[in-house]
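pasting the structure only:
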């Protein structure tokens, strides 16, 4: 059911970090409680600016949209110019799905900034690197008996095409899941979880334990389809209730604002990542469909598995920029009760509200 509670938080402070990192072992019951990773010492949060209040009309309109949504929705908007943040149900954890590829990309660019890797470093992908669902790069791997490319190309493909195999290979090349969790903690990004990569995450959501044989053809779908409905339902509902890759829209929007301000990466790495996000091809019917002429949306989308007409996460997160350069960090995260396009409609509506509020105050 949609939460009817609406709380707005203002300011650009960074949410405190908790021990949200998760790990999976093939020897564990896939429905077992999540183990806790060892804590990582966070860096001090940046000095807070004086809190500013978001326009009341914006807050009210966002709240009305969230309350009317058929499902569970979380909305957070940060004005980089004025310093306010407007939230609806934004402290709850929502499934990220492929939005989590952004944290892999930031981890990779941070490793570049620290001189640990170069985006020109070459890596070779084989059949054992293949994942599941959307992985266009698999055609090159299977067609040539392997595929050699660069870390920079993997990052670009993971963000712009949401390629699962490119993302997981990039993740492993810069230190694996724990490196991503460490980055989230050390940089103080707040309530953002990161699981073990696409293969482990999607298997667990389905009620399976990953087998590399699932990466070929429709093997994963067949294995998932052979499970008793009760197992699939329990696995799906457990994930929705406590998502292994969960993130609070409030923390996601603040992290995006910090990325845009250059607080997370070097100037060159910040610009490269934002340019990459601006080239994203997915999500044509989400925020991008509501853009007015001259507006830009640099973003990452996420879409979960469908179980009996309910989708485990439909999201769009990014930086919305007006023709004059005024920018807003936005996170719109949903778990709809039906896969009927309501999530996409909500995302467009939120974008229109933000744009109209901007135009009214010019």
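Nice, I can see it. From a predicted model like this one, the values you see are computed outputs, not experimental measurements.

which ones are touching residue 146?
124-126 (Cβ atoms under 8 Å, 6 or more residues apart in numbering). In short, each C-beta sits where N, CA and C put it, glycine included.

just the closest of the residues you listed to residue 140, please.
Residue 140 lies nearest to residue 125 out of these, by Cβ to Cβ, at 8.0 Å.

would you list the phi and psi of that closest one?
For residue 125, the backbone dihedrals (degrees, to the nearest 10) come out as phi -100, psi 130.

cool, residue 78 as well?
According to degrees, to the nearest 10, residue 78 has phi -120, psi 130.

correct me if wrong: residue 83 contacts residue 52.
Yes - using Cβ atoms under 8 Å, residue 83 is in contact with residue 52, at 4.5 Å.

mind checking the SS state of the most centrally placed residue in the chain?
Residue closest to the average C-alpha location in the chain (Cα atoms, centre = their mean): residue 99, at 1.9 Å. For residue 99, the assignment made with DSSP: H, G, I helix; E, B strand; the rest coil gives helix.

tell me the SS of the nearest residue to it once chain neighbours are set aside?
Nearest non-adjacent residue to residue 99, counting by Cβ to Cβ, 6 or more residues apart in numbering: residue 302, 3.8 Å away. Secondary structure, three-state DSSP: residue 302 is strand.

can you check residue 170 too?
Going by three-state DSSP: residue 170 is helix.

nearest residue to it other than its sequence neighbours?
residue 154 is the one closest to residue 170 (Cβ to Cβ, 6+ apart), at 4.3 Å.

how much space between that neighbour and residue 348?
Distance, residue 154 to residue 348, using Cβ to Cβ, to the nearest Å: 31 Å.

those two - which one has more neighbours?
residue 154 (28 against 19; other Cβ atoms under 10 Å).

separation between that one and residue 126?
Distance from residue 154 to residue 126, by Cβ to Cβ: 14 Å.

for residue 270, same thing?
Taken as Cβ to Cβ, the span from residue 270 to residue 126 is 33 Å.

between these two, point out the one with more neighbours.
Higher neighbour count among residue 270 and residue 126: residue 270, with 20 against 12, using other Cβ under 10 Å.

so which strand or helix has that one?
Secondary structure here is read from DSSP states H and E; on that basis residue 270 sits in helix 267-278.

can you give me the helices in this protein?
With DSSP state H as the criterion, the chain has helices at 56-68, 101-113, 138-144, 151-160, 164-173, 177-186, 198-206, 219-225, 229-241, 249-261, 267-278, 342-360.

out of those, flag the one nearest residue 294.
That would be helix 342-360 among those, by Cβ to Cβ, at 10.4 Å.

which residues touch the residue nearest to residue 318 when sequence neighbours are not counted?
Leaving aside its chain neighbours, residue 318 sits nearest to residue 299 (2.6 Å; criterion: Cβ to Cβ, 6+ apart). Counting by Cβ under 8 Å, 6+ apart, residue 299 touches 277, 280, 283, 287-288, 316-319.
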